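any chance you can model this:
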Amino acid sequence: MPDNTEGLSNRTELQESEERFRFLFDRSPAGMNIADPKGRFLRVNRAFCEFLGRSESELLTLSHLDVIHPDEMPEVIASMARGGGIRESVRRFIRKDGSTVWGYISAEFLTPPGRNGYWIAVVQDITAHRNADERMRREWDLLRVVADENPAYLWMASSRPPYPNSFVNRAFAAFLGIDDHELGENWPEYIHPEDRARVVDGFMRSAAREQTYRAELRLRRFDGEYRWVIDEAVPWRSPTGELRGFSGSVVDITDLRQAEEQVRRLSERLIRAHEDERTRIARELHDDLGQQIASLGMLLSGIKIEIPEEKPALREKLEAVHSRLTQVASVVRSISHQLHPAALEYAGLSAAVRGLCSEFSTLTGVEARFASDEPFRDVPMSLALSFYRVAQEGLLNVAKHAETKRAEVRLRRTEQSLEMVVMDAGRGFDLKSLDGEGGLGLISMRERLRLAGGTLSIESAPGEGTRLIARIPLDQPATQSAEAAGG
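You can find the predicted model right below:
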C-alpha cells in the first residue's frame, strides 16, 4: 500500500494554519474583511461588524461600495479597478444607522496559485481621533476669529523645536507690518539684536521644560522703530494634557517706560537739588556761622582777660557764656557734618561711616559699632554718598523705633556688588505693618538706591530686631550712579 503519511501531515499543517488564521481574524481588535474581486464580502470579523453597526449575516449580503461614504466612492472604485491594493488610507464609512465613521484602511488584492483572487482589508476605527481633531479645528477656527477681533497682540507657536510661530492675530500682524498670519522660524529677526540671544535662549529653555516664559524686550515695528514690549508665553494643552504648542501675548510698554524714565530723571534732579542745598547750608554753617562763633569766642576770651580779679562773679558768668558758645559751635559742626560729610571726600566711605557711628553714639547713647574689611576709598563719591545716607537714615530709625542700646553697621564688597547692612537687636516689627513702601525715610533710601541701580531689603520680626540691607551692583554706569546721588 502507498505511504500517505506525508500527505496527511501536510493536510494537518494546512488545517492548523487555517485555524490559527481564523482565530486571529476573528479575535483581531481591528476590523478585518475578505471580499471577492468585485468587493462583495466573503468573510468579516466581529470588530468590523461593530465598526459598521451591522451583523455578520447582513454584511455578507453587501459589498465595499454599500458601506463606503458616497464622497469616497470614486476614489475607491478607481483603486479597485487598478488592483494591487490600498495603502494606509483614511476613509469614511456609513453605519447601518446612517452615521459616518472614519477608518484607517489598508487593503491588498491576493491571487493564490490556481485560485480566484480576493481582497483582504484591515480597518482601524479612528472616529474618536478624527472627531477630536475636528473639534480642535473648530475651536482653533473660533480662536482665530476671536483673536483677530482682539486689539491685543496675540500669537501662537508650535510644540516642537525650534518652536516656529504658527499664528499672529490681525493686530499683531499690523504692528509688525506683515501680511501673513504667521512668522514661521523667522520670528527672532523682529527682536532687537541686543536682546535676541537672551530672549531666544530663555524661551527655548522654558519651552523645553513646558513652562511659562516672560521677558521685556525691544521688538521692531512696521516703521522700523524698536518698541519696548512685555512678551509672555504659556503652554497650550489639549483636554487630555498633551502639549499642543504655546500661546502668547505682547504688550507695548514703550510709553510706560518713557514715563518711568521721566519720573526717574525728576527724582534724580530732586535728589541732586536736595544734596546741593545740603552742601550750601553746610558750607554757610561752617564758613559763615562757624567763623562768627569763633570770633565771638576770641572776643569773650579777650574780655575775660580785662576783668579784674576782684570781680570773680563776673568772670564766672563770662566763662559760662564762653562754655555755652563752645557747645553751640559743636552743634553747628555736627549739623554741618550731617548735612554734608566732608570726610567722604577726604577719608573715604569707611572712615566717614565710622565717624557717623561715633557721633551717633555720643548724641543718642546708643552704641553703634562699625565693621568693614577695607577703607573703600575707591568707591565713587556718588555711590559713597548713597550708602552714607542709608547708614544715616538707618541709625536714625534705630534711635526712634528700635528701643535698644546697640546697633551695628557693616560694609563689605562682594564679587557683584557693594553691600551695607544696618542692624539692631531691638523690638523689631511685622513687615506687614509697613504702610506701602514705609515712611519718608525708607522711601528716600529706596529711591536713592534705585536710581543707582541698587536695592533695599528689610528683614524684621517682632522681638527679633531689624536688618536694612542695601546693595548696589559694581557694574553700574558712571553717569547713572553720579546722577543718583546728586554728585
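
work out for me the element residue 260 sits within.
helix 254-284 (DSSP states H and E).

tell me the first helix or strand C-terminal of that helix.
With DSSP H and E, the next secondary element past helix 254-284 is helix 290-306.

could you list every helix and strand in contact with that next one?
Using 3 or more C-beta pairs under 8 Å, 6 or more residues apart in numbering; DSSP states H and E, the elements in contact with helix 290-306 are helix 312-339. Where C-beta positions appear, they are placed from N, C-alpha and C, glycine not excepted.

the helix it packs on: how far from the chain's middle?
Remark: helix 312-339 is offset 61 Å from the chain centroid, using C-alpha atoms, centre = their mean, to the nearest Å.

what does stretch 237-256 give?
That offset, for stretch 237-256, works out to 13 Å (C-alpha atoms, centre = their mean).

which stretches of the stretch 1-150 of the chain form helices?
Here the stretch 1-150 of the chain has its helices, by DSSP state H, counting those that start in this stretch, at 5-27, 46-52, 56-59, 64-67, 73-82, 127-149.

hang on, residue 207 packs against residue 246?
Yes - with contact defined as C-beta atoms under 8 Å, residue 207 counts as touching residue 246 (6.3 Å).

who touches both of these two?
157, 163, 233 (C-beta atoms under 8 Å, 6 or more residues apart in numbering).

quick check: the first one vs residue 291, distance?
Residue 157 is 73 Å from residue 291, where distance means C-beta to C-beta, to the nearest Å.

so for those two, which residue has more residues nearby?
Set side by side, residue 157 and residue 291 show more neighbours around residue 157, with 22 against 10, by other C-beta atoms under 10 Å.

quick check: the more buried one vs residue 173, distance?
15 Å.

likewise for residue 244?
According to C-beta to C-beta, residue 244 and residue 173 sit 22 Å apart.

repeat for residue 324
As defined by C-beta to C-beta, residue 324 lies at a distance of 80 Å from residue 173.

quick one, which of those two is more surrounded?
residue 173 (20 against 10).

show me which residues of the helix or strand harbouring the more buried one are buried.
For residue 173, the host element (DSSP H and E) is helix 170-176. Across helix 170-176, burial judged by 16 or more other C-beta atoms under 10 Å covers 170, 171, 172, 173, 175, 176.

which parts of stretch 29-47 are buried?
Residues 30, 31, 32, 33, 35, 39, 40, 41, 43, 44, 45, 47 are the ones in stretch 29-47 that count as buried (16+ other C-beta under 10 Å).

touching, the third one and residue 47? I think so.
Yes - contact between residue 32 and residue 47 holds when scored by C-beta under 8 Å: they sit 7.0 Å apart.

list the contacts of the spatially closest residue to residue 96 that is not a sequence neighbour.
Of all residues not flanking residue 96 in the chain, residue 53 sits nearest, at 4.4 Å (C-beta to C-beta, 6 or more residues apart in numbering). Residue 53 makes contact with 95, 96, 97, 99, according to C-beta under 8 Å, 6+ apart.

what's the pLDDT at residue 53?
With respect to pLDDT, residue 53 scores 95.

phi first, then psi, for residue 211.
phi -120, psi 160 (degrees, to the nearest 10).

the residue lying closest to it once chain neighbours are set aside: helix or strand, and which one exactly?
Of all residues not flanking residue 211 in the chain, residue 235 sits nearest, at 7.3 Å (C-beta to C-beta, 6+ apart). Element membership for residue 235, per DSSP H and E: strand 226-237.

average model confidence for that strand?
93.

does residue 296 touch residue 326 like I think?
No - using C-beta under 8 Å, residue 296 is not in contact with residue 326, being 10.3 Å away.

which regions of the stretch 251-400 of the chain sit below the pLDDT cut-off?
268, 271, 273-276, 278-279, 282-290, 294, 332-334, 336-340 (pLDDT under 70).

ok, the strand holding residue 235: who's next to it in the sheet?
According to DSSP bridges, strand 226-237 forms sheet pairs with strand 213-220 (antiparallel), strand 243-252 (antiparallel).

of all those strands, which one is nearest residue 413?
strand 213-220 (29.3 Å; C-beta to C-beta).

how about the closest one: buried residues?
So for strand 213-220, counting by 16+ other C-beta under 10 Å, buried means 213, 215, 217, 218, 219, 220.

how long is stretch 422-430 end to end?
Using C-alpha to C-alpha, to the nearest Å, the end-to-end distance of stretch 422-430 comes to 18 Å.
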